[in-house]
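Colleague: what would the 3D arrangement of this be:
(one chain, ligands or ions: 1)
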Amino acid sequence: MRPMKVAITGLTACSGCQLTLLNCEDELPELLGLCELVYFPLAESGNVLDAQFDAAIVEGAVSTPKDLELLFSLRNAARVLVAYGTCALFGGVAAMNNTISCRRDLLQTVFGDAVQLPESFAPAPLANYVSVDAAVTGCPPEKQEIMELVAALAAGTLPPARCYPVCTE
Ligand code: SF4
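Modeller: Now for the predicted structure:
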């Protein structure tokens with residue numbers, strides 16, 4: 001059986017979910033036997049997103065046009081798209097100030113008047129823009145859930161649905 005082709009990447013997020021995956025040192029050799037990582041910019045430079053693949057594991061919320069462009073590319077290229085972690089599933093940390101009316105003031109406080117404000121919009125979960133096939137909750141997800149995700153994808157199925165968000169904004 002050929003290893004499944006997988007892309008792993010992040011949108012607006014802290015990269016903690018991707019790092020948790022990289023921290024599975026003991027399990028990584030087995031995981032790498034099941035997967036061919038075709039795109040994983042956090043771990044390997046030079047990857048180009050120009051192929052079809054079996055699964056895209058996506059961390060983070062959509063908060064910029066660039067995020068949205070990447071998400072559409074991943075959705076178009078992947079048979080299965082996984083919302084990976086609380087930010088991808090619910091908006092998470094990036095969406096916590098969505099309800100604050102002075103969002104622009106907050107950006108100016110952080111970046112200052114002289115800085116061109118980034119083009120952005122209210123951070124939102126992946127499912128607000130594309131269909132999502134599976135979700136892994138957690139901030140970040142537990143190692144066990146990552147193993148279950150990879151095992152399920154390698155077997156051609158989806159991981160068991162669970163939902164116990166830590167932060168759901
Ligand atoms: Fe970071 Fe938590 Fe968001 Fe993962 S879910 S990217 S660990 S803030």
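Colleague: helices and strands of this protein: which one bottoms out on pLDDT?
Modeller: helix 103-111 (a mean of 74; mean pLDDT, DSSP states H and E).
Colleague: list the contacts for the residue nearest the centre of the chain?
Modeller: Centroid check for the chain by C-alpha atoms, centre = their mean gives residue 59 as the closest residue, at 1.5 Å. By C-beta atoms under 8 Å, 6 or more residues apart in numbering, the residues touching residue 59 are 8, 9, 10, 11, 13, 15, 17, 18, 84, 85, 87, 88. In short, each C-beta sits where N, CA and C put it, glycine included.
Colleague: which residue packs closest to the fifth one, ignoring adjacent ones?
Modeller: Among residues not flanking residue 13 along the chain, residue 60 sits closest, at 3.1 Å (C-beta to C-beta, 6 or more residues apart in numbering).
Colleague: pretty sure that neighbour sits against residue 11.
Modeller: Yes: counting by C-beta atoms under 8 Å, residue 60 touches residue 11, with 3.4 Å between them.
Colleague: overlap in contacts of the two?
Modeller: 67, 87, 88.
Colleague: of these, which ones also sit close to the ligand?
Modeller: residue 87 (C-beta under 6 Å from any ligand atom).
Colleague: of the shared contacts of residue 60 and residue 11, which is the nearest to residue 157?
Modeller: residue 88 (20.0 Å; C-beta to C-beta).
Colleague: contact partners for residue 153?
Modeller: Contact partners of residue 153, counting by C-beta under 8 Å, 6+ apart, are 4, 6, 35, 54, 55, 80, 82, 159.
Colleague: Provide the secondary structure category for it.
Modeller: Three-state call for residue 153 (DSSP: H, G, I helix; E, B strand; the rest coil): helix.
Colleague: measure it to residue 160 for me?
Modeller: 13 Å (C-beta to C-beta, to the nearest Å).
Colleague: same check, this time on residue 111
Modeller: Residue 111 is 42 Å from residue 160, where distance means C-beta to C-beta.
Colleague: could you find the closest non-adjacent residue to residue 161?
Modeller: Nearest to residue 161 is residue 135, by C-beta to C-beta, 6+ apart, at 7.1 Å.
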